[in-house]
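*Asks:* Let me see the structure of the following:
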Amino acid sequence: MVKPTTIDEYISTFPEDVRVLLQKFRDTVKQAAPGATEMISYNVPAFKLGNMLIWFGGHTRHIGFYPRGSAIEAFKTELSGYKSAKGSVQFPFDKPLPLDLITKMVKFRVAENLERIKKK
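*Replies:* Residues are numbered from 1 along each chain as shown. Prediction:
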């Protein structure tokens, strides 16, 4: 399999129903972090704003969201209904994407990155 070099290429490798979800996820991140740059990192879609902001990817039954451990910890109550780990959360395909929660988490990460940039 050829490794994707853009998020469009990445999304195009999935079935239509998953492509729709991945595109919604991407659009939500873009709205929450309008100054962020899209890229492929670790072979999955990612956004960078100063430093790496978030990653996400399609899997067999879910979208994996990788917003770093600080965001998982900050939103652990809201994430309690989802399978999560130290730096990741799984949003199953059979449940609606929690777009408001994703937005809040991305904005949280934007604030973290901007604060880090300010301190430099």
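
*Asks:* Who does Ile40 form a beta bridge with?
*Replies:* Pro45 (DSSP bridges).

*Asks:* Tell me how far it lies from Thr6.
*Replies:* According to Cβ to Cβ, to the nearest Å, Ile40 stands 7 Å off from Thr6. Quick note: C-beta positions are derived from backbone N, CA and C, even for glycine.

*Asks:* So the two - more neighbours on which side?
*Replies:* Comparing Ile40 with Thr6 by neighbour count (other Cβ atoms under 10 Å), the higher total belongs to Ile40, at 16 against 12.

*Asks:* Downstream of the top strand by length along the chain, the next helix or strand is which one?
*Replies:* Taking DSSP state E as the criterion, the chain has its longest strand at strand 51-58. With elements assigned by DSSP states H and E, the helix or strand that comes after strand 51-58 is strand 62-66.

*Asks:* Which strands or helices does that following strand pack on?
*Replies:* helix 16-32, strand 51-58, strand 88-92 (3 or more Cβ pairs under 8 Å, 6 or more residues apart in numbering; DSSP states H and E).

*Asks:* for Val106, helix, strand, or coil?
*Replies:* Assigned by DSSP: H, G, I helix; E, B strand; the rest coil, the conformation of Val106 is helix.

*Asks:* sorry, back to before: CA atoms only for the longest strand of the chain, dumped as PDB, please.
*Replies:* Taking Å, rounded to 0.1, in the frame of the first residue of the first chain, the C-alpha atoms of strand 51-58 are listed here in PDB:
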ATOM      1  CA  ASN A  51       4.100  22.300  17.700                       C
ATOM      2  CA  MET A  52       2.100  19.200  16.900                       C
ATOM      3  CA  LEU A  53      -1.500  19.800  17.800                       C
ATOM      4  CA  ILE A  54      -3.500  16.600  17.200                       C
ATOM      5  CA  TRP A  55      -3.600  13.400  15.200                       C
ATOM      6  CA  PHE A  56      -6.600  11.300  14.100                       C
ATOM      7  CA  GLY A  57      -7.100   8.200  12.000                       C
ATOM      8  CA  GLY A  58      -9.600   5.700  10.800                       C
END
